[in-house]
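Undergrad: make a model of this:
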Amino acid sequence: MSVSLPLRQRRSGNRPVWDEEPTTAGRAGRGVALTGMIAAVLVPLWIIVVTSLSTQGAVNRAGGLVIWPDGLTTSAYRQMLEDRTVRTSVVVSLGITVAGTALSMAVSVLCAYGLSRAQSYGHRPILTLLVVTMFVSGGLTPTFLVVTGLGGYGKYWALILPGAVSVFNILVLRSFYSGTSAELIDAARTDGAGDWRILRSVVLPTSRAVTAVITLFYAVGYWNAFFNVMLYMPTESQKWPLQYVLLTYVNRGNGRSGTSPACASARRWPARLGHLPTRPMWVSL
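TA: Take a look at the predicted model:
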């Protein structure tokens, strides 16, 4: 009994529809959609950068947001950098980002590797507890009470430890580590390697892409974080990271409309540039 197939499948050797060559209309629609998505990202970024580099008169004539350059100046950026608090906050943000990312990756990698080994002790109950925390949280008030009760108010570690580990990132790492070739691990154990050596010489080298991407996730998260500053050191401006300093800078206004776009541009570009080294890793995932 023959089965009737759609016309496009019969013409292409019984291939499914989604394997067919796209039509001219399909290519055009895809191009339009991609162009629209790129424009949705680049146009706001362009407006922010141009407005931050525009003179006060150009900003006033444009109604607050400049689309086309008119009288470019770097006075908004100079005004920010002349503030000692801003310069100090850059060092603070870099320190928090580096220290926090290193701690988060160390804990996440070790936890993910342990959970990826089926013979590890208690890995199923621990995995279950971790997954539960993704849906059930103690809340903001208990977290604040715990941190302040441990003496974290006004301390840098209060900006790192409360959010040092992401269960989602651990599960992603665990998924990749579980896919490591069993033959490689067995060969390493035959040669006398322990778990530390296997992790360092087998698992991590074969999982560089996901490790780089998760590192970027943590780094961008620490760089952009400012809410914990509002909770644990709201009055100590000399300890503020860049994001919170720029937030207060925008709220003050400082007498210039270009200040807000300059602050937005200054806080976003380091994170965007941090994506460049990991772009090849995204392709290999």
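Undergrad: mind checking which helix or strand the residue nearest the centre of the chain is in?
TA: By C-alpha atoms, centre = their mean, the chain has its centre lying nearest to Phe217, at 3.2 Å. Here Phe217 is covered by helix 208-224, with elements defined by DSSP states H and E.
Undergrad: same for the following helix or strand past that helix, what does it pack against?
TA: For helix 208-224, the following helix or strand on the C-terminal side (DSSP H and E) is helix 227-232. When contacts are defined as 3 or more C-beta pairs under 8 Å, 6 or more residues apart in numbering; DSSP states H and E, helix 227-232 packs onto helix 140-149, helix 242-252. No exception for glycine: its C-beta is placed from N, CA and C like everyone else's.
Undergrad: deepest in the core, which of these is it.
TA: helix 242-252 (a mean of 18; mean count of other C-beta atoms under 10 Å).
Undergrad: now the angle from that helix to helix 208-224?
TA: 40 degrees (axes from the mean of the first three to the mean of the last three C-alpha atoms, to 10 degrees).
Undergrad: so how far is helix 242-252 from its chain's centroid?
TA: 21 Å (C-alpha atoms, centre = their mean, to the nearest Å).
Undergrad: just checking, what packs against the helix holding Phe217?
TA: Right, helix 208-224 is packed against helix 84-116, helix 167-178, helix 259-274, helix 279-284 by 3+ C-beta pairs under 8 Å, 6+ apart.
Undergrad: okay, buried residues for that helix please.
TA: By 16 or more other C-beta atoms under 10 Å, the buried positions in helix 208-224 come out as 209-224.
Undergrad: again with stretch 193-204
TA: For stretch 193-204, by 16+ other C-beta under 10 Å, it's Ala193, Asp195, Ile198, Leu199, Val202, Val203.
Undergrad: which residues are contacting it?
TA: Stretch 193-204 is contacted from outside by Val109, Leu110, Tyr113, Arg117, Tyr177, Thr180, Leu184, Ile185, Ala188, Arg189, Thr211, using C-beta atoms under 8 Å, 6 or more residues apart in numbering.
Undergrad: quick one: contacts for the second one?
TA: By that I understand Leu110. Leu199.
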